[in-house]
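Please work out how this folds:
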Amino acid sequence: MSRVKNCLILAAGNGTRIRSVSGARPKPLVEFRGKPLLEHIVTTAHRAGVERFTIVVGYRSDLIRAWFAQGRLSDIPVRFIENRDYHKQNGVSALKAKGVIENDFLLLMADHIFETSTARLLLDQPIAPGNVILAVDSRIDRVFDLDDATKVRRRGSQIIDIGKDIPHYDALDTGMFLCTPALFDALDASLRNDDCSLSDGMRRFAAGQRFQAFDIGDAEWQDVDTPEALAHAEACFGLPHPAVYSQAHGAEAHLRA
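Residues are numbered from 1 along each chain as shown. Below is the predicted model of the structure:
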């Protein structure tokens, strides 16, 4: 049985890169295989053993709250935290949970699709006080949109650097973290002009040799940040949505022309 039962999901961003598919909806409500992305994230983590969810919302949070109010996931305990600074980086969203989450927790992104087995294995990893474990993918040649991916450099099981633009890397950040509450202090210390990214905080763990990597092996995952990434995820996890596939296929054909 999984030891960690709490999950923090970051769902505050405005998702400008997927606006042609999302329209006026926030990105967490974009449909993937007939259901909102956020529903997939919550139900997959719940199947893996998570019992309680805290979701940081911001852009069009009224629509996300209204969707949950319909009772689709009424059997799963969910609480919301509002981030009115959703235009800032994702570290600010995570910091909104400081003082709310006081035990070890799973940290997820509302636009990263993953397999139940991956989350279950990550939840079962032993984590030392004050540390963070990141699920990473070492199959760099298979990633969709490498330029946009957050890169990771390891030394053994330790992560020694992380960021989108680091010159040397041997794995990719899947957006799934097993965290201790020490994350919030690291993010606090990383603030510059009241802003910071998750990677800013994670580099502090790396500097202190408190940042471990968990390789997901052959498991599937996808950061759904654009219509093309959504179509790719549909193909990996199930049949593609015709409208999304057509749009993405047309964009790829244009790039090849």
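
residues near Gly99, how many?
Gly99 is flanked by 9 other residues according to other C-beta atoms under 10 Å. C-betas here are computed from N, CA, C, even on glycine.

So it versus Phe184, what's the distance?
Note on Gly99: its distance to Phe184, by C-beta to C-beta, to the nearest Å, is 8 Å.

now swap in Ala45 and tell me
Distance check for Ala45 against Phe184: by C-beta to C-beta, it reads 20 Å.

ok, now Gly23?
In terms of C-beta to C-beta, Gly23 sits 34 Å off from Phe184.

Between these two, tell me which one has more neighbours.
Phe184 (21 against 9).

can you give me the strands for the stretch 101-250 of the chain?
Using DSSP state E, counting those that start in this stretch, the strands found in the stretch 101-250 of the chain span residues 105-109, 112-114, 132-137, 151-155, 158-163, 171-179, 211-215, 221-223.

burial count for Ser22?
Neighbour number of Ser22 under other C-beta under 10 Å is 21.

Next, the contact list for the closest residue to it other than its chain neighbours, please.
Closest residue in space to Ser22, ignoring its immediate chain neighbours: Val30 at 4.8 Å, by C-beta to C-beta, 6 or more residues apart in numbering. Contacts for Val30 (C-beta atoms under 8 Å, 6 or more residues apart in numbering) come out as Gly15, Ile18, Val21, Ser22, Pro36, Leu37, Val224, Leu230.

between those residues, which is nearest Tyr59?
Gly15 (7.3 Å; C-beta to C-beta).

Read off the pLDDT value for the nearest residue in space to that closest one that is not next to it in sequence.
Distances taken as C-beta to C-beta, 6+ apart put Lys27 closest to Gly15, at 3.0 Å, once the chain neighbours are dropped. With respect to pLDDT, Lys27 scores 93.

Please apply the same query to Val100.
96.

Tell me if I'm right that it and Ile81 touch.
Yes. At 6.4 Å, Val100 and Ile81 qualify as touching, with contact defined as C-beta atoms under 8 Å.
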